[in-house]
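S.K.: Below are the sequence and a predicted model for it; my questions follow.
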Amino acid sequence: MICGAGVIGASIAYYLALRGIGATVVERAGVACAASGKAGGFLALDWCDGSPLGPLARLSYAMHATLSRTIAKDCGYREVTTFGVSVDGRGRSSGNSFGESAWLDGAAAVYAQLGRTDTTAQVHPRLFTQALMDEAQRLGASLVRGRVESVDIGDTPTRVRGVRVDGALMPADAVVVAMGPWSGLAAQWLPLAPVDGLKGFSITLKPKSPVPAEVLFVDYLDEDGVPMNPEVFPRPDGEVYLCGLSDNRPLPDDPSEILADRQATTTLRRIAADLTSSMDGAPVLTEHACYRPLCADALPLMGAVAGVTGAFVATGHNCWGILNAPASGVAMAELIATGESTGVDLRPFSPARFSPSAMTLN
């Protein structure tokens, strides 16, 4: 049983189904209802190099390209060029140093090429997550709507017996906690480290004229000289996604209580207008807010839960959840099915790294 139908839970369900294991996925609100449906969908081959995420990201980047050909649904996958851009919202411009980005006719200066079409790409996160879940169901998985209240554990031996959903016990011989930032609730049921959530805001716009396949990471100074770091993701359907503003409001219990912020929308619209006239006054199609899951060391929490047979966790992917979902899914499916992951080294992400003895050694 998989608790959570975000991109990680859907990916695990898909790769289990490919092994002939039809998992039950329990979701309170809906597939991709939180960060997995409201993210940017940016994919990078080598941006995680030099960290424990490097091998996972490289494998997952390649898997995205393969999935774009094997899943019979358009998930908005395409290769992109990625630029670093500086913008002074006070109207001061140092000029655009990249002629191929002439569409940026506002106060923007492109100072670096951060990715090429062979190293950066994108996918529509909601469509991708839904496609994985649909394929998993086609291959034998099931999706159940309900609120996970606890993981039921037997004492002799200490192993999972199932999950309580809306007051009823659903038996299971293996349980995966993949509830994004709400995975922190599982610390009440299992010996797990806390998982927090960071709230971020985003909008999508419909520009007045077509925008090329160029992702922008922006160093922005607002009209008061305050620095911000928005991100801009044009999509194949003609929409443009903007994000990069956040706040520290606590995670609500119910995903439906996560609300967008009018001031954040106003700021993102102003940034868009400063970048290009094609987005100046462009209609806002969606306003979103979501929480990305974070562990204390900013690395995912993936693996078997120590001391509880049949208990697993897969969460805490921070801003790289969409990128790393395929490799995380195939690794967790292999771990659940065979007892080990041979294709992906999960040791850097083991829940045991937060045990008292491990923390003492570190």
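M.R.: Received it, and whenever you're ready, just let me know what you need.
S.K.: My read is that Ala272 contacts Cys243, right?
M.R.: No: taking contacts as C-beta atoms under 8 Å, Ala272 lies outside contact range of Cys243: 11.5 Å. Yep, even glycine has a C-beta here, placed from its N, CA and C like the rest.
S.K.: Can you say which helix or strand has the closest residue to Tyr15 other than its chain neighbours in it?
M.R.: In this structure, Tyr15 finds its nearest non-sequential neighbour in Ala333, 3.7 Å apart by C-beta to C-beta, 6 or more residues apart in numbering. With elements taken from DSSP states H and E, the one containing Ala333 is helix 321-338.
S.K.: OK, contacts around the residue nearest to Tyr15?
M.R.: Ile12, Tyr15, Leu16, Leu18, Arg19, Ile21 (C-beta atoms under 8 Å, 6 or more residues apart in numbering).
S.K.: Am I right that the fifth one is in contact with Val330?
M.R.: No: the criterion here is C-beta under 8 Å, and Arg19 misses it with Val330 at 9.7 Å.
S.K.: Neighbour count: the two, which is higher?
M.R.: Taking neighbours as other C-beta atoms under 10 Å, Arg19 and Val330 compare with Val330 leading, 23 against 14.
S.K.: measure the more buried one to Leu56 for me?
M.R.: 11 Å (C-beta to C-beta, to the nearest Å).
S.K.: which residues do these two both contact?
M.R.: Common neighbours of Val330 and Leu56 (C-beta under 8 Å, 6+ apart) are Val344.
S.K.: Any stretches of this structure with poor pLDDT?
M.R.: The chain contains residues with pLDDT under 70 at 91-101, 356-362.
S.K.: per-domain residue ranges of it.
M.R.: 2-74+123-194+295-361, 81-116+197-292 (automatic domain parsing).
S.K.: Could you single out the most deeply buried of those domains?
M.R.: Across these, averaging neighbours per residue (mean count of other C-beta atoms under 10 Å) puts domain 2-74+123-194+295-361 on top, at a mean of 20.
S.K.: For the spatially most central residue of the chain, which non-adjacent residue is closest in space?
M.R.: Per C-alpha atoms, centre = their mean, the C-alpha nearest to the average position across the chain is that of Gly321, at 3.1 Å. Among residues not flanking Gly321 along the chain, Val7 sits closest, at 5.7 Å (C-beta to C-beta, 6+ apart).
S.K.: Relative to Asn229, how far out is that neighbour?
M.R.: 23 Å.
S.K.: can you check Asp118 too?
M.R.: 25 Å.
S.K.: Equivalent analysis for Arg235, please.
M.R.: 20 Å.
S.K.: what does Arg269 give?
M.R.: From Arg269 to Asn229 the distance is 17 Å (C-beta to C-beta).
S.K.: and what of Arg262?
M.R.: 21 Å.
S.K.: ok, now Phe83?
M.R.: 14 Å.
S.K.: Mutual contacts of these two, please.
M.R.: Contacts common to Phe83 and Asn229, judged by C-beta under 8 Å, 6+ apart, are Phe217.
S.K.: Can you dump the C-alpha atoms of stretch 287-306 in CSV for me?
M.R.: Extracted C-alpha coordinates of stretch 287-306, given in CSV (Å, rounded to 0.1, in the frame of the first residue of the first chain):
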residue,chain,number,x,y,z
GLU,A,287,-2.7,31.1,-9.1
HIS,A,288,-1.2,28.4,-7.0
ALA,A,289,0.5,27.7,-3.7
CYS,A,290,2.1,24.4,-2.5
TYR,A,291,4.5,23.0,0.0
ARG,A,292,7.6,21.1,-1.1
PRO,A,293,8.8,18.4,1.4
LEU,A,294,12.1,19.0,3.2
CYS,A,295,14.3,17.0,5.5
ALA,A,296,16.8,18.5,7.8
ASP,A,297,19.7,17.8,5.4
ALA,A,298,17.7,18.7,2.2
LEU,A,299,18.1,15.1,0.9
PRO,A,300,15.3,12.7,0.2
LEU,A,301,14.2,10.2,2.8
MET,A,302,14.0,6.8,1.0
GLY,A,303,14.3,3.3,2.2
ALA,A,304,13.1,0.8,4.7
VAL,A,305,12.1,2.0,8.1
ALA,A,306,14.4,0.5,10.7
